[in-house]
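Visitor: Let me see the structure of the following:
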Amino acid sequence: MSTICAALADDAPHLLVVDDDSRIRDLLSRFLLAEGYRVTTAETAVDARARLAGLRFDLLILDVMMPGETGFDLARDLRASSSVPIIMLTARDEAQSRIQGLTIGADDYVGKPFEPKELSLRIANILRRARPATTPTVETARFGDFRFHIARGELKRGEEVVRLTDREREMLRLLAATPGETVPRQALAGNGGSTGERAVDVQVNRLRRKIERDPANPLLVQTVRGIGYRLVTTP
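Guide: Predicted structure coming up:
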């Protein structure tokens, strides 16, 4: 039987976890929900197909060794009509298995046992890479009295250039590329997520001090509790 876990936010990325081991499903559900994702679980490929028929997912986590149709079989079939990101999850960590999964079209491959935090970072990185392909290109973002040229990484207030650190510039690029949409903390961490989430919060607060009239009550870079941040732009 498959289970749909409670949604945290309507725009939070929606993940489908497919694994016949109930302990793995429960572990990943609890952890990924705490990381700010919406999570649906399925026990078999048949359950997964039923979920896929009625719901839209941003990323799939598929166990390879399942009774009946395997994760490889399901991924191969899905790739014929869908480009949804897929992470293969299995105890089979041999090179040949990894090659098979990637050849089928999986985006990543994680062997059991694994650290849930590592899986979360891999998810964030894949979603970040997938985002530009589905989002219209934005050259310049305007917010408040500011104008940010994304390609140049240049922030101006009128004709005055506002000095940014490299991390502030990269975070602003990610926020400005998808105006109004929530960017997870994991994506804002950069460098494969090596920057901790608390450090991201500190860096966002520093950015706010440069662009917000009242950094304690931000209007431009807004917090989405439990998930990340979003940039409120003007036409």
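Visitor: Going by C-alpha atoms from here, please, whenever you check contacts or count neighbours.
Guide: Noted.
Visitor: Bridged to residue 224, which residues?
Guide: With DSSP bridges as the criterion, residue 224 is bridged to residue 228.
Visitor: That one: neighbour count?
Guide: If you count neighbours by other C-alpha atoms under 10 Å, residue 224 ends up with 17.
Visitor: start to end distance for stretch 206-218?
Guide: 12 Å (C-alpha to C-alpha, to the nearest Å).
Visitor: Same check on stretch 227-235?
Guide: So stretch 227-235: terminal residues 25 Å apart, C-alpha to C-alpha.
Visitor: Look up phi and psi at the residue of the chain positioned farthest from its centre.
Guide: Here the centre of the chain is the reference, and by C-alpha atoms, centre = their mean the most remote residue is residue 159, at 34.9 Å. Here is the backbone geometry of residue 159 (degrees, to the nearest 10): phi -100, psi 0.
Visitor: Need the pLDDT of it.
Guide: Listed pLDDT for residue 159 reads 91.
Visitor: what ranges do the strands span in this structure?
Guide: 3-4, 14-18, 38-42, 59-63, 86-90, 108-111, 140-143, 146-149, 154-157, 160-162, 183-184, 221-224, 228-231 (DSSP state E).
Visitor: CSV for the ones you listed, including distance to residue 25?
Guide: Output for these, formatted as CSV (distance: least, C-alpha to C-alpha, whole Å):
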stretch, distance to residue 25
strand 3-4, 9
strand 14-18, 7
strand 38-42, 7
strand 59-63, 10
strand 86-90, 11
strand 108-111, 15
strand 140-143, 40
strand 146-149, 42
strand 154-157, 44
strand 160-162, 47
strand 183-184, 22
strand 221-224, 26
strand 228-231, 24
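Visitor: thinking again about what came up before, can you tell me how far the residue farthest from the centre of the chain sits from residue 213?
Guide: Going from residue 159 to residue 213 by C-alpha to C-alpha gives 18 Å.
Visitor: ok so, going back, what's the least confident stretch among the strands of the chain?
Guide: strand 3-4 (a mean of 46).
Visitor: Can you tell me which of the strands of the chain is nearest to residue 26?
Guide: strand 38-42 (8.6 Å; C-alpha to C-alpha).
Visitor: I'd like to know which of the strands of the chain lies nearest to residue 124.
Guide: Relative to residue 124, the nearest member of the strands of the chain by C-alpha to C-alpha is strand 183-184, separated by 7.5 Å.
Visitor: Each with direction, which strands does the closest one pair with?
Guide: In the sheet, strand 183-184 lines up with strand 228-231 (antiparallel) (DSSP bridges).
Visitor: List the contacts of the strand it pairs with.
Guide: The contact list for strand 228-231, computed with C-alpha atoms under 8 Å, 6 or more residues apart in numbering, reads 175-176, 179-185, 220-224.
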